[in-house]
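> pasting the structure only:
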């Protein structure tokens with residue numbers, strides 16, 4: 001059975017591991033030779049460390065960061081949602097519905113005044129209005145929903161502070 005994010009134990013990282021991870025977060029396409037050179041190691045030990053970090057789940061995937069505006073997503077919205085009842089069935093039903101929505105690029109179950117925080121992208125305000133009224137508001141169990149439009153991305157996620 002796979003551990004969920006709350007059950008995972010933090011992996012102990014030494015200075016060399018952290019240096020490798022910092023470089024890979026910024027430049028994931030580097031060859032092992034280029035990575036080893038940037039972190040000041042020879043290629044074999046660098047390769048072994050990267051493989052170990054992958055096996056331990058510290059490195060979970062490799063991907064490219066895409067520019068949302070260039071892709072035609074001019075609107076980024078932070079949506080907060082409260083659900084009616086706080087039972088497992090309703091939360092699972094909501095979560096399963098959200099996972100199917102490609103406009104929702106991130107979703108977090110949170111504590112506090114709201115139950116879920118979503119990041120949503122759309123082409124423009126009209127597209128968001130359509131998505132909001134005809135899709136989001138119709139998700140199961142929604143009690144309240146608030147849309148917060150991102151005016152400026154000051155510090156988008158580019159990596160973890162290691």
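Here it is on my side, so go on. No experiment lies behind these values; they were computed from the predicted model shown.
> which other helices and strands contact the one helix or strand in the chain whose mean pLDDT sits lowest?
Within the chain, no helix or strand scores below helix 88-99, which has a mean of 90 by mean pLDDT, DSSP states H and E. Here helix 88-99 touches strand 75-83, strand 104-109, strand 116-122, going by 3 or more C-beta pairs under 8 Å, 6 or more residues apart in numbering; DSSP states H and E. To be clear about C-beta, it is placed using only N, CA and C from the backbone, and glycine gets the same treatment.
> now residue 40, nearest residue through space, not along the chain?
Nearest residue to residue 40, sequence neighbours excluded (C-beta to C-beta, 6 or more residues apart in numbering): residue 19, at 7.7 Å.
> pretty sure residue 82 contacts residue 141?
No: Residue 82 is not in contact with residue 141 according to C-beta atoms under 8 Å; the separation is 9.4 Å.
> Looking only at neighbour counts, state which of those two leads.
It is residue 141, of residue 82 and residue 141, that has more neighbours when counted by other C-beta atoms under 10 Å, with 18 against 15.
> Report the residue ranges of every domain in this structure.
Per automatic domain parsing, the structural domains of the chain span 15-55, 75-149.
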